[in-house]
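J.: Got a predicted model here, sequence first, then my questions.
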Amino acid sequence: DAGVTQSPTHLIKTRGQQVTLRCSPKSGHDTVSWYQQALGQGPQFIFQYYEEEERQRGNFPDRFSGHQFPNYSSELNVNALLLGDSALYLCASSLYLTDTQYFGPGTRLTVL
Amino acid sequence: AQSVTQLGSHVSVSEGALVLLRCNYSSSVPPYLFWYVQYPNQGLQLLLKYTSAATLVKGINGFEAEFKKSETSFHLTKPSAHMSDAAEYFCAVSDLKAAGNKLTFGGGTRVLVKP
(Lines give C-alpha, C1' and ligand atoms only; values in the text may rest on other atoms or scores of the structure.)
Protein backbone atom coordinates (compact mmCIF):
# COMPACT_ATOMS: atom_id res chain seq x y z
CA ASP A 1 0.00 0.00 0.00
CA ALA A 2 1.72 3.14 -1.22
CA GLY A 3 1.82 6.00 1.21
CA VAL A 4 1.84 9.70 0.40
CA THR A 5 4.48 10.58 -2.16
CA GLN A 6 5.91 13.99 -3.02
CA SER A 7 8.17 15.30 -5.76
CA PRO A 8 10.73 16.61 -6.09
CA THR A 9 12.67 15.87 -2.90
CA HIS A 10 14.73 19.04 -3.07
CA LEU A 11 14.47 22.21 -5.12
CA ILE A 12 16.60 25.34 -5.40
CA LYS A 13 15.11 28.51 -6.89
CA THR A 14 15.98 32.20 -6.99
CA ARG A 15 13.89 35.11 -5.79
CA GLY A 16 11.06 36.03 -8.12
CA GLN A 17 10.82 32.62 -9.74
CA GLN A 18 7.81 30.31 -9.65
CA VAL A 19 7.74 26.73 -8.34
CA THR A 20 5.37 23.75 -8.55
CA LEU A 21 5.39 20.94 -6.02
CA ARG A 22 3.51 17.66 -6.51
CA CYS A 23 1.76 15.22 -4.20
CA SER A 24 0.08 11.85 -4.65
CA PRO A 25 -2.20 10.84 -1.78
CA LYS A 26 -2.29 7.53 0.04
CA SER A 27 -4.35 4.93 -1.80
CA GLY A 28 -8.06 5.39 -1.07
CA HIS A 29 -7.75 8.98 0.16
CA ASP A 30 -9.62 11.85 -1.49
CA THR A 31 -8.41 14.93 0.41
CA VAL A 32 -5.03 16.62 0.21
CA SER A 33 -3.68 19.27 2.57
CA TRP A 34 -0.48 21.30 2.25
CA TYR A 35 1.68 22.60 5.10
CA GLN A 36 4.76 24.80 5.25
CA GLN A 37 7.40 24.00 7.87
CA ALA A 38 10.07 26.66 8.31
CA LEU A 39 13.32 25.63 9.95
CA GLY A 40 12.88 25.03 13.69
CA GLN A 41 9.11 25.55 13.62
CA GLY A 42 5.95 23.49 13.52
CA PRO A 43 4.07 23.00 10.25
CA GLN A 44 1.67 25.78 9.20
CA PHE A 45 -1.51 24.94 7.27
CA ILE A 46 -1.61 26.39 3.75
CA PHE A 47 -4.79 24.94 2.25
CA GLN A 48 -6.84 21.79 1.72
CA TYR A 49 -8.38 20.35 -1.46
CA TYR A 50 -11.35 18.03 -1.86
CA GLU A 51 -13.33 17.31 -5.02
CA GLU A 52 -10.90 19.55 -6.92
CA GLU A 53 -11.89 22.60 -4.86
CA GLU A 54 -10.08 24.52 -2.13
CA ARG A 55 -12.06 23.83 1.04
CA GLN A 56 -10.01 25.54 3.74
CA ARG A 57 -7.19 28.06 3.59
CA GLY A 58 -4.67 29.21 6.13
CA ASN A 59 -3.09 32.64 6.46
CA PHE A 60 -1.00 32.58 3.28
CA PRO A 61 -0.94 35.17 0.47
CA ASP A 62 -2.44 34.62 -2.97
CA ARG A 63 1.04 33.81 -4.27
CA PHE A 64 0.31 30.35 -2.92
CA SER A 65 -2.18 28.46 -5.07
CA GLY A 66 -3.07 24.87 -5.65
CA HIS A 67 -4.88 22.37 -7.74
CA GLN A 68 -6.35 18.93 -7.30
CA PHE A 69 -6.76 16.53 -10.20
CA PRO A 70 -9.50 13.94 -10.79
CA ASN A 71 -7.15 11.19 -9.55
CA TYR A 72 -6.88 13.13 -6.23
CA SER A 73 -3.25 14.11 -6.74
CA SER A 74 -2.40 17.73 -6.06
CA GLU A 75 -0.02 20.54 -6.92
CA LEU A 76 1.15 23.50 -4.87
CA ASN A 77 2.27 26.54 -6.83
CA VAL A 78 4.17 29.47 -5.39
CA ASN A 79 4.71 32.59 -7.50
CA ALA A 80 7.18 35.44 -7.04
CA LEU A 81 9.32 33.48 -4.60
CA LEU A 82 10.73 35.27 -1.56
CA LEU A 83 13.67 34.24 0.60
CA GLY A 84 11.16 33.58 3.37
CA ASP A 85 9.47 30.89 1.30
CA SER A 86 12.45 28.60 1.99
CA ALA A 87 10.97 25.71 3.96
CA LEU A 88 9.96 22.07 3.97
CA TYR A 89 6.61 21.71 2.22
CA LEU A 90 4.57 18.80 3.51
CA CYS A 91 1.60 17.17 1.84
CA ALA A 92 -0.91 15.18 3.87
CA SER A 93 -3.81 13.04 2.70
CA SER A 94 -6.98 11.81 4.37
CA LEU A 95 -10.56 10.84 3.73
CA TYR A 96 -12.72 13.96 3.73
CA LEU A 97 -13.78 15.03 7.24
CA THR A 98 -12.13 12.06 8.95
CA ASP A 99 -9.74 12.71 11.78
CA THR A 100 -6.34 11.41 10.65
CA GLN A 101 -3.96 12.92 8.11
CA TYR A 102 -0.99 10.98 6.76
CA PHE A 103 2.08 12.92 5.72
CA GLY A 104 4.51 12.55 2.88
CA PRO A 105 8.29 12.99 3.21
CA GLY A 106 8.16 16.61 2.08
CA THR A 107 9.86 18.79 -0.51
CA ARG A 108 12.74 20.97 0.71
CA LEU A 109 12.58 24.33 -1.12
CA THR A 110 15.54 26.68 -0.94
CA VAL A 111 15.15 30.20 -2.33
CA LEU A 112 18.41 32.05 -3.03
CA ALA B 1 -9.17 30.03 16.87
CA GLN B 2 -7.35 26.94 17.97
CA SER B 3 -3.80 26.95 19.30
CA VAL B 4 -1.25 24.53 20.73
CA THR B 5 1.58 25.25 23.16
CA GLN B 6 4.41 22.82 23.71
CA LEU B 7 6.43 23.56 26.82
CA GLY B 8 10.14 23.18 26.21
CA SER B 9 11.63 23.30 22.75
CA HIS B 10 14.35 20.83 23.78
CA VAL B 11 14.27 17.91 26.21
CA SER B 12 17.27 15.77 27.17
CA VAL B 13 16.73 12.35 28.77
CA SER B 14 18.96 9.44 29.63
CA GLU B 15 18.40 6.10 27.95
CA GLY B 16 15.93 4.13 30.09
CA ALA B 17 14.50 7.23 31.78
CA LEU B 18 10.95 8.56 31.55
CA VAL B 19 10.10 10.75 28.57
CA LEU B 20 7.52 13.47 29.29
CA LEU B 21 6.54 16.00 26.61
CA ARG B 22 4.00 18.65 27.49
CA CYS B 23 1.19 19.93 25.29
CA ASN B 24 -1.59 22.39 26.13
CA TYR B 25 -4.29 23.34 23.67
CA SER B 26 -6.95 25.96 23.19
CA SER B 27 -10.15 25.09 21.34
CA SER B 28 -13.69 26.40 21.38
CA VAL B 29 -15.12 23.00 20.47
CA PRO B 30 -14.28 19.47 21.63
CA PRO B 31 -10.90 18.88 20.07
CA TYR B 32 -9.28 16.03 18.26
CA LEU B 33 -5.65 15.83 19.43
CA PHE B 34 -2.62 14.24 17.84
CA TRP B 35 1.05 13.58 18.47
CA TYR B 36 3.35 13.26 15.47
CA VAL B 37 7.07 12.42 15.38
CA GLN B 38 9.54 13.72 12.82
CA TYR B 39 12.93 12.11 12.29
CA PRO B 40 15.68 14.16 10.60
CA ASN B 41 14.96 14.97 6.96
CA GLN B 42 11.67 13.10 7.01
CA GLY B 43 7.94 13.82 7.08
CA LEU B 44 5.62 13.41 10.05
CA GLN B 45 4.59 10.03 11.43
CA LEU B 46 1.45 9.66 13.54
CA LEU B 47 2.23 8.42 17.07
CA LEU B 48 -1.27 8.51 18.54
CA LYS B 49 -4.56 10.39 18.52
CA TYR B 50 -7.43 11.32 20.86
CA THR B 51 -10.87 11.47 19.25
CA SER B 52 -13.24 11.63 22.28
CA ALA B 53 -13.12 7.95 23.22
CA ALA B 54 -10.84 6.80 26.07
CA THR B 55 -8.88 9.63 27.70
CA LEU B 56 -5.72 7.51 27.97
CA VAL B 57 -4.48 6.80 24.48
CA LYS B 58 -1.80 4.27 23.58
CA GLY B 59 0.27 4.73 20.46
CA ILE B 60 3.16 3.19 18.62
CA ASN B 61 6.68 2.62 19.98
CA GLY B 62 5.49 2.46 23.60
CA PHE B 63 4.18 6.05 23.78
CA GLU B 64 0.92 7.06 25.43
CA ALA B 65 -0.90 10.31 26.16
CA GLU B 66 -3.65 11.38 28.53
CA PHE B 67 -6.38 13.86 27.61
CA LYS B 68 -7.27 16.11 30.57
CA LYS B 69 -10.11 18.46 29.69
CA SER B 70 -9.91 20.40 32.96
CA GLU B 71 -6.25 21.20 32.32
CA THR B 72 -6.62 21.49 28.50
CA SER B 73 -3.61 19.20 28.26
CA PHE B 74 -2.51 16.21 26.22
CA HIS B 75 0.95 15.28 27.53
CA LEU B 76 2.97 12.51 25.87
CA THR B 77 4.90 9.94 27.92
CA LYS B 78 7.07 6.89 27.48
CA PRO B 79 8.27 4.96 30.55
CA SER B 80 11.73 4.11 29.22
CA ALA B 81 13.55 6.12 26.55
CA HIS B 82 15.45 4.38 23.76
CA MET B 83 18.15 5.87 21.58
CA SER B 84 15.79 5.55 18.60
CA ASP B 85 13.36 8.00 20.29
CA ALA B 86 15.67 10.90 19.44
CA ALA B 87 13.53 13.03 17.12
CA GLU B 88 11.23 16.06 17.10
CA TYR B 89 7.73 15.67 18.44
CA PHE B 90 4.72 17.78 17.47
CA CYS B 91 1.36 18.10 19.19
CA ALA B 92 -1.56 19.13 16.96
CA VAL B 93 -5.26 19.93 17.30
CA SER B 94 -8.13 19.65 14.83
CA ASP B 95 -11.81 20.43 15.20
CA LEU B 96 -13.18 18.69 12.11
CA LYS B 97 -15.27 21.64 10.98
CA ALA B 98 -17.70 21.08 8.19
CA ALA B 99 -15.25 22.73 5.82
CA GLY B 100 -12.34 20.44 6.57
CA ASN B 101 -9.97 18.98 9.14
CA LYS B 102 -6.95 21.28 9.17
CA LEU B 103 -4.32 20.64 11.81
CA THR B 104 -2.88 23.37 14.04
CA PHE B 105 0.57 22.42 15.33
CA GLY B 106 2.66 23.42 18.29
CA GLY B 107 6.22 24.56 17.84
CA GLY B 108 7.68 21.12 18.51
CA THR B 109 9.94 19.57 21.15
CA ARG B 110 13.28 18.09 20.14
CA VAL B 111 14.23 15.05 22.21
CA LEU B 112 17.86 14.13 22.81
CA VAL B 113 18.57 10.72 24.34
CA LYS B 114 21.85 10.33 26.20
CA PRO B 115 23.46 6.89 26.52
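T.: It's in. Numbering: from 1, shown residues only, chains lettered A, B, ... in the order given.
J.: Quick one: name the residues of chain B near chain A.
T.: Contact residues, chain B versus chain A (CB under 8 Å from any CB of the partner chain): B:4, B:32, B:34, B:36, B:42-46, B:49, B:51, B:90, B:92, B:94, B:96-108. No exception for glycine: its C-beta is placed from N, CA and C like everyone else's.
J.: Surely residue A:23 is within a strand?
T.: Yes. Using DSSP: H, G, I helix; E, B strand; the rest coil, the assignment for residue A:23 is a strand.
J.: Please report how far the nearest residue to it once chain neighbours are set aside lies from residue B:40.
T.: Excluding the flanking residues, the one nearest residue A:23 by CB to CB, 6 or more residues apart in numbering or on different chains is residue A:91, at 3.4 Å. To residue B:40, residue A:91 is 19 Å away according to CB to CB, to the nearest Å.
J.: who has more neighbours, the two?
T.: Using other CB atoms under 10 Å in any protein chain shown, the more surrounded residue of residue A:91 and residue B:40 is residue A:91, with 29 against 7.
J.: can you pull out the strands in chain A?
T.: Assigned by DSSP state E, the strands in chain A fall at A:5-7, A:10-13, A:19-24, A:31-37, A:44-50, A:53-57, A:64-68, A:74-78, A:87-94, A:102-103, A:107-111.
J.: Report the contact partners of the residue most central in space within chain B.
T.: By CA atoms, centre = their mean, chain B has its centre lying nearest to residue B:35, at 3.2 Å. Listed by CB atoms under 8 Å, 6 or more residues apart in numbering or on different chains, the contact set of residue B:35 reads B:21, B:23, B:46-49, B:59, B:63, B:65, B:74, B:76, B:89-92.
J.: Which strand or helix spans it?
T.: Following DSSP states H and E, one finds residue B:35 within strand B:32-38.
J.: Okay, now the sheet partners of that strand, with direction.
T.: Looking at strand B:32-38 with DSSP bridges, its partner strands are strand B:44-50 (antiparallel), strand B:87-94 (antiparallel).
J.: Could you pick out the residues of chain A near chain B for me?
T.: Counting by CB under 8 Å from any CB, chain A sits next to chain B at A:4, A:31, A:33, A:35, A:40-45, A:48, A:50, A:55-56, A:58, A:90, A:92, A:94, A:96-106.
J.: can you list the strands paired with strand B:32-38 in JSON lines and add mean pLDDT and mean neighbour count?
T.: Output for these, formatted as JSON lines (pLDDT from 0 to 100; neighbours: other CB atoms under 10 Å in any protein chain shown):
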{"stretch": "strand B:44-50", "mean pLDDT": "94", "mean neighbour count": "20"}
{"stretch": "strand B:87-94", "mean pLDDT": "95", "mean neighbour count": "23"}
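J.: which stretch among those strands comes nearest residue B:8?
T.: Residue B:8 lies closest to strand B:87-94 among the strands paired with strand B:32-38, at 10.4 Å (CB to CB).
J.: And for that closest one, what's in contact with it?
T.: Strand B:87-94 has contacts (CB under 8 Å, 6+ apart) with A:42-43, A:99, B:2-4, B:6, B:21, B:23, B:25, B:27, B:31-40, B:44, B:47, B:74, B:76, B:101-106, B:108-111.
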